[in-house]
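J.: below are the sequence and a predicted model; questions follow.
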Protein chains: 2
Amino acid sequence: MKIPGFNTEYKIWLEKNGAIFGDGLCDLLSSISGLGSISRASRELGMSYRAAWGKIRVAEKKWGIPLVVTRVGGAAGGWAKLTPEADELLKTYCRLRQEVDKFVQNLPGKFITGR
Amino acid sequence: MKIPGFNTEYKIWLEKNGAIFGDGLCDLLSSISGLGSISRASRELGMSYRAAWGKIRVAEKKWGIPLVVTRVGGAAGGWAKLTPEADELLKTYCRLRQEVDKFVQNLPGKFITGR
DNA sequence: ATCCGTTATACTTATTCAAACATAGCGCAT
DNA sequence: ATGCGCTATGTTTGAATAAGTATAACGGAT
């Protein structure tokens, strides 16, 4: 599930000790949360499973915390869901994003608003 | 002249139609503005003249506006100063950066504040 | 037993990005 | 006319990143 309504006139990400969390992970984790599957999420976002899985792995290593708990096999082939840590990170980023959006929308100057 | 005091727990840049303006250009243009020379600015920032000049050129092309007006030759070898557009862009970015800093500092959550 | 959709990972290839190297011209000072 | 410090680019090299290919294993459903 993609997060709609975000302003596109800037980009922002969280960064700590080389670990980053931005739009890419936000969309990916949101989609996984909604669909319960890395594979289905990757298709929804138009990327390969390999790419999605790799993003998650790198992020988990950099942040030093598990982000997605998975299960292989079973009726549906497997499933995936977010860890509480991932939920918190996601929530924090979304809030940051919304606040910055609000600020940017009120910015004067043609480079931001097109005016 | 480097801008001190910026929060390092996130990164942000302005982005419009593929044109971006972030920390790199902010530092570079600020330095040029203070020193009146691309060459001296590049040395102050620890990068090559080629790199600094390239950054400026790419940015000017992407944004579609002149950022630095230069002069070659003369007693000092040459000089460089910012265009009004560059000044405005720089000012806008610094303001955005300060506002977001203020917001981020008040954010709860261990991923941002370390708590 | 076989099939299906999924997680999981190694390996290869392509693309992008950054840094370094090399040259040339300009204009004032001496 | 020579030198100095600067602007201005082309070219090349290397490194980091992204994208793609291939394969294996798992576990329920049929």
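T.: Thanks, I have it.
J.: same for the host helix or strand of A:Lys61, what does it pack against?
T.: Assigned by DSSP states H and E, A:Lys61 belongs to helix A:49-63. Counting contacts by 3 or more C-beta pairs under 8 Å, 6 or more residues apart in numbering or on different chains; DSSP states H and E, helix A:49-63 packs against strand A:19-21, helix A:23-35, helix A:38-44. Where you see a C-beta, it was placed from the backbone N, CA and C, and this is true even at glycine.
J.: what is the neighbour count of A:Glu85?
T.: Here the number of neighbours of A:Glu85 (other C-beta atoms under 10 Å in any protein chain shown) works out to 16.
J.: hang on, I meant A:Asp101
T.: A:Asp101 - counted by other C-beta under 10 Å - has 17 other residues nearby.
J.: residues from chain A in reach of DNA strand C?
T.: Taking C-beta under 7 Å from any atom of the strand, the part of chain A that reaches DNA strand C is made up of A:37-40, A:49-50, A:53-54, A:57, A:68, A:70-74, A:76-80.
J.: return a PyMOL selection command for the buried portion of those residues.
T.: Those of the residues of chain A next to DNA strand C that count as buried under 16 or more other C-beta atoms under 10 Å in any protein chain shown are selected in PyMOL with:
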select buried, chain A and resi 37+38+39+40+53+68+79+80
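J.: tell me the contacts of the closest residue to DNA strand C within chain A?
T.: Using C-beta to the nearest atom of the strand, the closest approach of chain A to DNA strand C is made by A:Gly77 at 2.4 Å. By C-beta atoms under 8 Å, 6 or more residues apart in numbering or on different chains, the contact list for A:Gly77 reads A:Ser39.
J.: backbone phi and psi for it, please?
T.: A:Gly77 adopts backbone torsions of phi 100, psi -30, taken as degrees, to the nearest 10.
J.: same question, A:Thr70
T.: Reported as degrees, to the nearest 10, the phi and psi values for A:Thr70 are phi -130, psi 170.
J.: that one bridge partners, please.
T.: According to DSSP bridges, the residues that bridge with A:Thr70 are A:Ala80.
J.: quick one, longest strand in chain A?
T.: The longest strand of chain A (DSSP state E) is strand A:10-16.
J.: what lies in contact with that strand?
T.: Residues from elsewhere that reach strand A:10-16 (C-beta under 8 Å, 6+ apart): A:20-23, A:63, A:89, A:92-93, A:96-97, A:100, A:104, A:112, B:8-15, B:20, B:96, B:100, B:111-112.
J.: next one: it to chain centre, how far?
T.: Offset of strand A:10-16 from its chain centre (C-alpha atoms, centre = their mean, to the nearest Å): 12 Å.
J.: what are the buried residues along that strand?
T.: For strand A:10-16, the neighbour count (16+ other C-beta under 10 Å) marks A:Tyr10, A:Ile12, A:Trp13, A:Leu14, A:Glu15, A:Lys16 as buried.
J.: bridged to the fifth one, which residues?
T.: Okay, so that is A:Glu15. Assessed by DSSP bridges, A:Glu15 has beta-bridge partners A:Ile20.
J.: lovely, talk soon.
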